[in-house]
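> next one to model:
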Amino acid sequence: MESSCVAVTRLVAHARQELGKRIVGQADVVDQCLIAILTGGHVLMEGVPGLAKTLLVKSIGELLSLRFQRIQGTSDLMPADLLGTNVFNQASSSFQLHKGPLFSDVVLVDEVNRMPPRTQAALLEAMEERQVTIDGTRHPLDAYFTVFATQNPIEFEGTYPLPEAQLDRFLLKVVVPYPDEEEEARIVVLFEKGPGVTGVESLAVEPIAAELLADARREVANITMEPGLISYVVRLARATRTAPQIMLGASPRAALNIAYAAKAMAAIDERHYVIPDDVKRAVLPVLRHRIVLRPEALLEGVSPDHVLNGILGSVELPK
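Sure thing, here's the model as predicted:
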């Protein structure tokens, strides 16, 4: 049967080509960011500084013709710095809202775990409700509002670990690896033409057609998922709640997000139906930040990915 994912196919092919002008390698990272865009989810990106996370997110905003804002997480950042504030206008004798950076489409929050808890809570409302509350008044955010938050995996001093409730709001946790030797050589060639990212950003990214993203999202929502695969997703999520190495397992929202991500993966592969491999590929990025390992497992150096791979191997595939 012919694929019904025409818009997704066009969007992904165009995105890979255009982002490839600036981003060397990182194919899995790019695809996972596109999955979030296609499903309306948020992304937590983990990687050491200097891996082009900011450049990637900014380029995605340009590609989709969406408004981009960057927020630098610091220990003194207040909720109003994200949301904005009402300012009294003497000329009109009324208060006017000066909107903060969350009133955008693609928002990059660098070092999100450096923000204090009150500011993280303000971000949480925006991510979950797609609205912000300022002086008791609710203000809706754009339908394409997407948060890409980064955190450094090795730096803990001066940070505020994200609470489980906020981690659960991220559709995916994307681990950004170092490039291989050949890719790193290509990066040096690309960047040495200008200071910082100036040379790379001069490489224009051609935006997609305005209606393409909306069409692609509709196609992903209409991807077929058989009852047997839905049961498989549920059994995987429930297995995290009884695994001996896990103290806190995946929530029902996590199971739903596995389904969302699997449908987007099917659409990217030009299929109008989900297969078990789509579900298996979705499990690690969707669940790795949602499960909490027991202290003894952490002491043994066990990682969430290791435990999740074990669960994938133990839960029976649908027939």
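
> the helix or strand bottoming out on mean pLDDT in the chain: what's the following helix or strand?
Of all regular secondary-structure elements in the chain, judged by mean pLDDT, DSSP states H and E, the least confident is helix 198-201 with a mean of 61. Moving toward the C-terminus from helix 198-201, the first helix or strand encountered (DSSP states H and E) is helix 212-221.

> any idea how far A297 lies from I291?
Using CB to CB, to the nearest Å, one obtains 10 Å as the distance from A297 to I291. In short, each C-beta sits where N, CA and C put it, glycine included.

> which neighbours do the two share?
Contact criterion CB atoms under 8 Å, 6 or more residues apart in numbering; residues shared by A297 and I291: 246, 307.

> tell me which of these two has more neighbours.
Neighbours per residue, other CB atoms under 10 Å: of A297 and I291, the larger number sits with I291, 22 against 19.

> which stretches of the stretch 51-200 of the chain form helices?
Secondary structure of the stretch 51-200 of the chain (DSSP state H, counting those that start in this stretch): helices at 53-63, 79-83, 117-129, 164-167, 181-191, 198-201.

> need these in TSV with distance to S251 and mean neighbour count, can you?
Conversion of the helices of the stretch 51-200 of the chain to TSV gives the following (distance: least, CB to CB, whole Å; neighbours: other CB atoms under 10 Å):
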stretch	distance to S251	mean neighbour count
helix 53-63	26	21
helix 79-83	25	20
helix 117-129	13	18
helix 164-167	9	16
helix 181-191	36	12
helix 198-201	39	14
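
> and of those, who's closest to A210?
Closest to A210 of those is helix 53-63 (CB to CB; 12.3 Å).

> between the closest one and helix 212-221, how many degrees?
Counting by axes from the mean of the first three to the mean of the last three CA atoms, to 10 degrees, helix 53-63 lies at 100 degrees to helix 212-221.

> low-confidence ranges in the protein?
The chain contains residues with pLDDT under 70 at 1-3, 88, 154-160, 193-202.

> report the central residue of it.
Residue closest to the average C-alpha location in the chain (CA atoms, centre = their mean): V43, at 1.5 Å.

> surely that one meets Q151?
No - look at V43 against Q151 with CB atoms under 8 Å: they stay out of range, at 11.5 Å.

> picking up where we left off before, need the helices of the stretch 51-200 of the chain in TSV with distance to Y260, can you?
Listed next are these as TSV, based on distance: least, CB to CB, whole Å:
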stretch	distance to Y260
helix 53-63	18
helix 79-83	26
helix 117-129	15
helix 164-167	17
helix 181-191	30
helix 198-201	32
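
> what sits closest to A165 if chain neighbours are left out?
L124 (7.0 Å; CB to CB, 6 or more residues apart in numbering).

> ok, that neighbour to P252 distance?
When CB to CB is applied, the distance between L124 and P252 equals 18 Å.

> try S231
Remark: distance between S231 and P252 (CB to CB) = 14 Å.

> just M225 next, same as before
Look at M225 and P252: by CB to CB, they are 16 Å apart.

> now swap in Y273 and tell me
Here the criterion is CB to CB. By it, Y273 lies 23 Å from P252.

> show me which of those two is the more surrounded one.
Legend: neighbour count by other CB under 10 Å for Y273 and P252, higher for Y273 (16 against 10).

> who's the residue nearest to the centre of the chain bridged to?
F148, L172 (DSSP bridges).

> what sits against it?
V43 sits in contact with 32-33, 36, 146-149, 170-174, where contact means CB under 8 Å, 6+ apart.

> same list, the residues you listed, but as CSV with distance to K53 and neighbour count please.
Compiled in CSV, the contacts of V43 are given as follows (distance: CB to CB, whole Å; neighbours: other CB atoms under 10 Å):
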residue, distance to K53, neighbour count
Q32, 12, 25
C33, 10, 24
A36, 14, 23
T146, 14, 25
V147, 13, 23
F148, 8, 28
A149, 10, 28
F170, 15, 25
L171, 17, 28
L172, 14, 25
K173, 13, 21
V174, 9, 27
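
> I'd like to know which of those is nearest to N89.
The nearest member of the contacts of V43 to N89, counting by CB to CB, is V147 at 30.4 Å.

> can you pull the contacts of that closest one?
V147 is in contact with 42-43, 107, 109, 123, 126-127, 170, counting by CB under 8 Å, 6+ apart.

> and P79, how far from T85?
P79 sits 9 Å away from T85, going by CB to CB.

> let me fix that, I meant to ask about R290.
Between R290 and T85 the distance, using CB to CB, works out to 33 Å.
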